[in-house]
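*Asks:* Return a 3D structure for these sequence lines:
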Amino acid sequence: MAYIDGFVIAVPTANRQKFIDHASTGDAVFIEYGATRVVECWGDDVPDGTQTDFRRAVQGKEDETIVFSWVEWPDKATRDAGFKKMMDDPRMDPKTNPMPFDGARMIYGGFKPVVDLDGASSG
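*Replies:* Residues are numbered from 1 along each chain as shown. This is a model prediction of the structure:
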């Protein structure tokens, strides 16, 4: 069964291209180690909520844009093995591929899909 890793971060808006470059390097490693898809989404319509919202979840500042990302894996075992390999991969080392955002404010988690509809395959 598929497995999904989800991420929300706040990226300084001025670092948009740095983020894209950083993600392009890191996302290729995810694919190399078994991910089937990686999606990086630059915030476009991310409203402030009354109790909570994406911005507050990552302590986003006025000069930052919220980024929502996910990595699709064929299963949790592939994800676990891929993450283990990535920890030793020099391309994932912050010294060689520095994060253009505050990684301490990132929220992330692993998820098991319970509903998966694909409009492209219907009809």
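
*Asks:* give the contact list for residue 56.
*Replies:* With contacts defined as C-beta atoms under 8 Å, 6 or more residues apart in numbering, residue 56 is in contact with residue 49. Heads up, the C-betas are built off the backbone N, CA and C, glycines and all.

*Asks:* that's a helix at it, yeah?
*Replies:* Yes. Assessed by DSSP: H, G, I helix; E, B strand; the rest coil, residue 56 belongs to a helix.

*Asks:* out of everything not next to it in sequence, what's closest to residue 28?
*Replies:* In space, and not counting its chain neighbours, residue 28 is closest to residue 91: 7.9 Å by C-beta to C-beta, 6 or more residues apart in numbering.

*Asks:* I figured the one you found was touching residue 29, is that so?
*Replies:* Yes. With contacts counted by C-beta atoms under 8 Å, residue 91 reaches residue 29, the gap being 5.3 Å.

*Asks:* next one: phi and psi at the residue nearest to residue 28?
*Replies:* Torsion angles at residue 91 (phi, psi; degrees, to the nearest 10) stand at phi -70, psi -20.

*Asks:* Also residue 65?
*Replies:* Backbone dihedrals for residue 65, given as degrees, to the nearest 10, come out at phi -110, psi 140.

*Asks:* No more questions from me, cheers.
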